[in-house]
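A.B. asks: Kindly generate the corresponding structure for this input.
(chains A, B, C and D)
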There are 2 protein chains.
Amino acid sequence: MTATTVHQPTHREALWALEDAFERGDLITVFGRCTVEYDGRAASSLGVGRRLLVLKPDGTALVHTDENQKPVNWQPPGSEHHAAVRDGRLRVRSVHTSPDETLAVRFETVEQLSAMSVSGRRDLSVTGSEADLRNALLDRPALIESGFEPLATERPTDAGPIDLFGRDSDGRPVVVELKRRRVGPSAASQLQRYVAAIEREEGDNAAVRGILVAPSVTDRARRLLAEHELEFVAVEPPSSTGDAGENNTLDTEPAETNAFDLAVDDSAHDSAGDATGNDESEAAGTVPADEESN
Amino acid sequence: MTATTVHQPTHREALWALEDAFERGDLITVFGRCTVEYDGRAASSLGVGRRLLVLKPDGTALVHTDENQKPVNWQPPGSEHHAAVRDGRLRVRSVHTSPDETLAVRFETVEQLSAMSVSGRRDLSVTGSEADLRNALLDRPALIESGFEPLATERPTDAGPIDLFGRDSDGRPVVVELKRRRVGPSAASQLQRYVAAIEREEGDNAAVRGILVAPSVTDRARRLLAEHELEFVAVEPPSSTGDAGENNTLDTEPAETNAFDLAVDDSAHDSAGDATGNDESEAAGTVPADEESN
DNA sequence: CGTGCCAGGTGCCAT
DNA sequence: ATGGCACTTGGCACG
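C.D. replies: The predicted structure follows:
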């Protein structure tokens, strides 16, 4: 069986199920009336209510209610889950170190507890990202400006990495900042920082141009750009919905996905549970394990 | 019963359970092997794998795997959930409009499906926010500088609202930007924008000071501050562990948030209940009207 | 409903 | 580890 569930368990039965699930490294969901306390980067307290608790084998904890996409409370990956029965009530604590933070869920009643082995495949490919936009523009630099010649991406500067750096047809340095969404003032500031950094690098006489590339720009940002004599070029966001896309069937390789409609088709591109003697049993589960990713 | 579960249901049984759950406005969890497709603000595709699907009565959909805090795929609140059996397989689509986006989950096998009535109480209060920091500084302006006199918070300017505005003991205008965490270059830029905006307002002769208040600052940001003659004041964030005031005891409200049921009658195709003879049954659930919040 | 900005942002990848 | 930044950012408050 790949998924086990206990209904209306006693708090102690729930604890046993949790211990087993921790042992197996399962994904766990617990539903019941509970209160939640968090203390760490901030502090919060949640009164009693019916909620869904999700415990992942990587140490993640999520407390979900009725609505909203984000959990009302949570604990980041790398935490260690502890379960115990105290005063006859199931209590789940999820503890993280560095930064130190703790999530404590105290159950009044446990309606249901499920454990399932989830071999999550995360071979997700997303098109329409900023990287896609950059690649599209590298393919067709004229979309930015006729005669524009890209020289580098992520070019490092004093002020951070420049999305796209190149020269115009007159040989003047051009700093290009890419945004996949409508931009506000902060993007203008960011571009300004980069332009200033390049000007410092190249010398005072250098006339460095700055171009913000995005689908659109707010009024305020447009004014800021004008103030600093920076430019704006509009590019459309990814089409996706427009035509019969059916673009991505991914397997191993990111297959040519037409990311931006303007740009033709190019792609982008445990624990141990030891009973502590008294009326306090405990179980813990986690996965710290650093794996070299990439 | 407040939580119902079906184990290893047939795809059609799962559909029935979904229909009932939609009807009741339940929080739903589905576990099984599935593929996921998303198309909207971006586009993505997820190969087959064992995952947990959470459907909320407010239209939220979450696809969770084994690890990570964020779902691998999701749909924001306000979407409409549709369920159908197609080619003998359970298929859940969650559709959002404006922005248009669709999440489609196709199940190979359904291991388990649970529905639970969740009275979500979101009576959460968090301490340690930027607002907390601001209030603390309003209480003790000397923490910023001896003689500093706060005049306004969220003071509007051309460049956006200033966290805290006041005057120093010499009567010079002071722009204060608050950050609850260690700050990078963007905060320095932000402060610089605000200072420039106030200088434009007050006239050229105005010597406007800018103070960045945060626990600490990165080297690069410190350099940027120096360049623009901006200042930095280190202030520790409020210690959550110290006093942590037991803030919220909120009133008990039944909270009639049954979302699905009321909304759905307008849907064109709604063949619920009896066997639809064919291999295509469908159910839909969504969010209701907005209730006056606050 | 768009605009702007904070967030316990999260996640990713660089140094 | 820290830093810098993108993100289907999410969420809220305000014009």
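A.B. asks: Near DNA strand D, which residues of the stretch 101-250 of chain A are found?
C.D. replies: Contact residues, the stretch 101-250 of chain A versus DNA strand D (Cβ under 7 Å from any atom of the strand): A:124, A:126, A:128-131, A:159-161, A:163, A:177, A:179-181, A:190. In this view, the C-beta of every residue, glycine as well, is placed from N, C-alpha and C.
A.B. asks: Separate out the buried members of those residues.
C.D. replies: With burial judged by 16 or more other Cβ atoms under 10 Å in any protein chain shown, the buried subset of those is A:Val126, A:Gly128, A:Ser129, A:Ala131, A:Ala159, A:Asp163, A:Glu177, A:Lys179, A:Arg180, A:Gln190.
A.B. asks: I'd like the residues you listed as JSON lines, with pLDDT and distance to B:Glu23 appended.
C.D. replies: Putting these into JSON lines (pLDDT from 0 to 100; distance: Cβ to Cβ, whole Å) gives the following:
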{"residue": "A:Val126", "pLDDT": "83", "distance to B:Glu23": "34"}
{"residue": "A:Gly128", "pLDDT": "85", "distance to B:Glu23": "36"}
{"residue": "A:Ser129", "pLDDT": "89", "distance to B:Glu23": "39"}
{"residue": "A:Ala131", "pLDDT": "90", "distance to B:Glu23": "43"}
{"residue": "A:Ala159", "pLDDT": "88", "distance to B:Glu23": "56"}
{"residue": "A:Asp163", "pLDDT": "95", "distance to B:Glu23": "49"}
{"residue": "A:Glu177", "pLDDT": "95", "distance to B:Glu23": "50"}
{"residue": "A:Lys179", "pLDDT": "95", "distance to B:Glu23": "43"}
{"residue": "A:Arg180", "pLDDT": "92", "distance to B:Glu23": "39"}
{"residue": "A:Gln190", "pLDDT": "92", "distance to B:Glu23": "49"}
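A.B. asks: Narrow those residues to those in helices?
C.D. replies: Among these, the members falling in helices (DSSP state H) are A:Ala131, A:Gln190.
A.B. asks: The buried ones among the residues of the stretch 101-250 of chain A next to DNA strand D: which ones sit near DNA strand C?
C.D. replies: Near DNA strand C, judged by Cβ under 7 Å from any atom of the strand, there are no entries from these.
A.B. asks: Pull the most distant pair out of the residues of the stretch 101-250 of chain A next to DNA strand D.
C.D. replies: Across these, no pair lies farther apart than A:Leu124 and A:Ala159, at 31.8 Å, counting by Cβ to Cβ.
A.B. asks: Strands of the stretch 1-150 of chain A, residue ranges please.
C.D. replies: A:3-7, A:27-39, A:43-55, A:61-64, A:73-75, A:80-86, A:89-96, A:101-116, A:125-127, A:149-155 (DSSP state E, counting those that start in this stretch).
A.B. asks: hmm, the first one in reach of chain B?
C.D. replies: Right, strand A:3-7. Yes. Under the criterion of Cβ under 8 Å from any Cβ of the partner chain, chain B is reached by strand A:3-7 at A:Ala3, A:Thr5, A:His7.
A.B. asks: mind listing what the last one touches?
C.D. replies: Think A:His7. By Cβ atoms under 8 Å, 6 or more residues apart in numbering or on different chains, A:His7 lies in contact with A:Glu111, A:Gln112, B:Ala3, B:Thr5.
A.B. asks: Look up how far A:Val208 lies from the residue of the stretch 151-294 of chain A found nearest DNA strand D.
C.D. replies: DNA strand D sits closest to A:Gly160 of the stretch 151-294 of chain A, with a gap of 2.5 Å, by Cβ to the nearest atom of the strand. Separation of A:Gly160 from A:Val208 (Cβ to Cβ, to the nearest Å) stands at 15 Å.
A.B. asks: same question, A:Ala142
C.D. replies: Going from A:Ala142 to A:Val208 by Cβ to Cβ gives 21 Å.
A.B. asks: neighbour-wise, which of these two wins?
C.D. replies: Just comparing A:Ala142 and A:Val208: by other Cβ atoms under 10 Å in any protein chain shown the higher neighbour count belongs to A:Val208, 18 against 10.
A.B. asks: and that one, what are its phi and psi?
C.D. replies: phi -90, psi 130 (degrees, to the nearest 10).
A.B. asks: that older thread, which of the contacts of A:His7 scores worst on pLDDT?
C.D. replies: Within the set of these, pLDDT is lowest for B:Ala3 (90).
A.B. asks: and that residue, what are its bridge partners?
C.D. replies: B:Met116 (DSSP bridges).
A.B. asks: go on, A:Arg209?
C.D. replies: Here A:Arg209 sits in beta bridges with A:Val174, going by DSSP bridges.
A.B. asks: Surely it touches A:His228?
C.D. replies: No. Counting by Cβ atoms under 8 Å, A:Arg209 does not reach A:His228; the two are 11.0 Å apart.
A.B. asks: any common contacting residues for these two?
C.D. replies: Both A:Arg209 and A:His228 are contacted by A:Val195, under the criterion Cβ under 8 Å, 6+ apart.
A.B. asks: if I look at A:Leu55, how far off is DNA strand C?
C.D. replies: Counting by Cβ to the nearest atom of the strand, to the nearest Å, the gap from A:Leu55 to DNA strand C is 14 Å.
A.B. asks: At the contact with DNA strand C, which residues of the stretch 1-150 of chain A appear?
C.D. replies: So the stretch 1-150 of chain A meets DNA strand C at A:38, A:40-42, A:44, A:73-77, A:96, A:101, A:103 (Cβ under 7 Å from any atom of the strand).
A.B. asks: contacting residues around the nearest residue to A:Thr29 once chain neighbours are set aside?
C.D. replies: Nearest residue to A:Thr29, sequence neighbours excluded (Cβ to Cβ, 6 or more residues apart in numbering or on different chains): A:Ser114, at 4.8 Å. Counting by Cβ under 8 Å, 6+ apart, A:Ser114 touches A:Ala3, A:Thr4, A:Thr5, A:Val6, A:Ile28, A:Thr29, A:Val30, B:Thr5, B:Thr29, B:Phe31, B:Gln112, B:Ser114.
A.B. asks: between those, which is nearest DNA strand D?
C.D. replies: Nearest to DNA strand D, judged by Cβ to the nearest atom of the strand, of the contacts of A:Ser114 is B:Thr29 at 17.6 Å.
A.B. asks: what about that closest one, distance to A:Leu55?
C.D. replies: Distance, B:Thr29 to A:Leu55, using Cβ to Cβ: 13 Å.
A.B. asks: Can you work out which residues contact both of these two?
C.D. replies: Contact criterion Cβ under 8 Å, 6+ apart; residues bridging B:Thr29 and A:Leu55 by contacting each: A:Thr29.
A.B. asks: Outline the domain layout of chain A.
C.D. replies: Taking automatic domain parsing as the domain assignment, the ranges for chain A are A:3-116, A:130-234.
A.B. asks: how about the residues of strand A:3-7 next to chain B in TSV, adding distance to DNA strand D?
C.D. replies: Shown next, in TSV, are the residues of strand A:3-7 next to chain B (distance: Cβ to the nearest atom of the strand, whole Å):
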residue	distance to DNA strand D
A:Ala3	24
A:Thr5	27
A:His7	29
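A.B. asks: can you list those in TSV and add distance to A:Val85?
C.D. replies: Converted to TSV, the residues of strand A:3-7 next to chain B look like this (distance: Cβ to Cβ, whole Å):
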residue	distance to A:Val85
A:Ala3	24
A:Thr5	19
A:His7	18
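A.B. asks: dump the residue contacts of A:Phe148.
C.D. replies: A:Pro141, A:Ala142, A:Gly166, A:Arg167, A:Asp168, A:Ser169, A:Val174.
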